[in-house]
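>>> next one to model:
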Amino acid sequence: MIEVALVRHGETDWNRQGRMQGQRDIPLNETGIMQAGRLAERMKTDRWDMVWSSDLARAAATADRVAQAVGVPIVLRDARLRERNFGRLEGTTLAERIDRWGPDWQKLNHGVESDRELFGRAESFLGELAGRGEGRFVVVTHGGWIRVVFRRLFPELAGVHPGNTAVSLLRHEKGKWRCLLAHDVSHLPADV
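Here you go, the predicted model:
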């Protein structure tokens, strides 16, 4: 049996500003560092065999805190865990998108990675984990990545969006992924 704690990274200034980050390498802000610390405290109550992370700084810094707390010496960085590529939308707020491209900006081609392409990366990564046969793993990635996985694997939970450092617990057994916990942030103070 494989169990995966699927985690969204801590907050960045761009999260707070409502800017599309995509694959831009934006670091955690002070709140994100606090959230990563709270997440690490939560995760150390269980045994984890390995920690994986997107190779982007915000996810890697979150994963490093968790790895240190759970006693896993190495965080494995994997580009398949990166956020969706949002093309020319990266770095913009909703107001800026409307100002630049008008109210129908979503109808234009901005070079955004498709759900199919993003899920291809996710499916490759999750398939590799499932092939290990057994183990408990922490995987720190991004909100868009997690949303696509949930739309494809758990459509009944697809409308719920993961907050920063939200934890979802997935189990792979008998050839199928199941969601045991979705987007839980009970480790964070209520005002974050």
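
>>> wait, doesn't G135 sit right on V51?
No. Taking C-beta atoms under 8 Å as the definition, G135 is not a contact partner of V51, at 11.6 Å. For the C-beta atoms, the positions are set from N, CA and C on the backbone; glycine is no exception.

>>> which one of those two has more residues nearby?
Neighbours around G135 and V51, counted as other C-beta atoms under 10 Å, are more numerous at V51. The numbers are 26 against 14.

>>> dihedrals phi and psi, E90?
With angles defined as degrees, to the nearest 10, E90 sits at phi -60, psi 130.

>>> what's the following helix or strand after the helix ranked longest in the chain?
The single longest helix within the chain, with elements called by DSSP state H, is helix 115-130. Next along the chain after helix 115-130, taking DSSP states H and E as the criterion, comes strand 135-141.

>>> next SSE downstream of the one helix or strand in the chain whose mean pLDDT sits lowest?
Least confident helix or strand of the chain, by mean pLDDT, DSSP states H and E, is strand 75-77 with a mean of 94. Per DSSP H and E, the first helix or strand lying C-terminal to strand 75-77 is helix 94-101.

>>> any buried residues in that next one, and which?
Residues of helix 94-101 classed as buried: 97, 101 (neighbour count, 16 or more other C-beta atoms under 10 Å).

>>> which residues sit against that helix?
With contact meaning C-beta atoms under 8 Å, 6 or more residues apart in numbering, helix 94-101 is reached by 18, 89, 92, 105, 108.

>>> likewise stretch 80-90?
Contact partners of stretch 80-90, identified using C-beta under 8 Å, 6+ apart, comprise 20-24, 52-56, 59, 97, 110-113, 118, 121-122, 124-125, 139-145, 148.

>>> hang on, E41 in a strand?
No. Judged by DSSP: H, G, I helix; E, B strand; the rest coil, E41 forms no part of a strand; its state is helix.

>>> thinking it is in contact with Q68, fair?
No. E41 is beyond contact range of Q68, at 11.2 Å (criterion: C-beta under 8 Å).

>>> burial of E117, as a residue count?
Counted with other C-beta under 10 Å, the neighbours of E117 add up to 13.

>>> let me redo that: A122
By other C-beta under 10 Å, the residues close to A122 number 20.

>>> contact partners for it?
80, 145, 148-149, 152.

>>> and if we set it to 6 Å?
Taking C-beta atoms under 6 Å, 6 or more residues apart in numbering as the criterion, A122 is in contact with V149.

>>> right, I'll leave it there.
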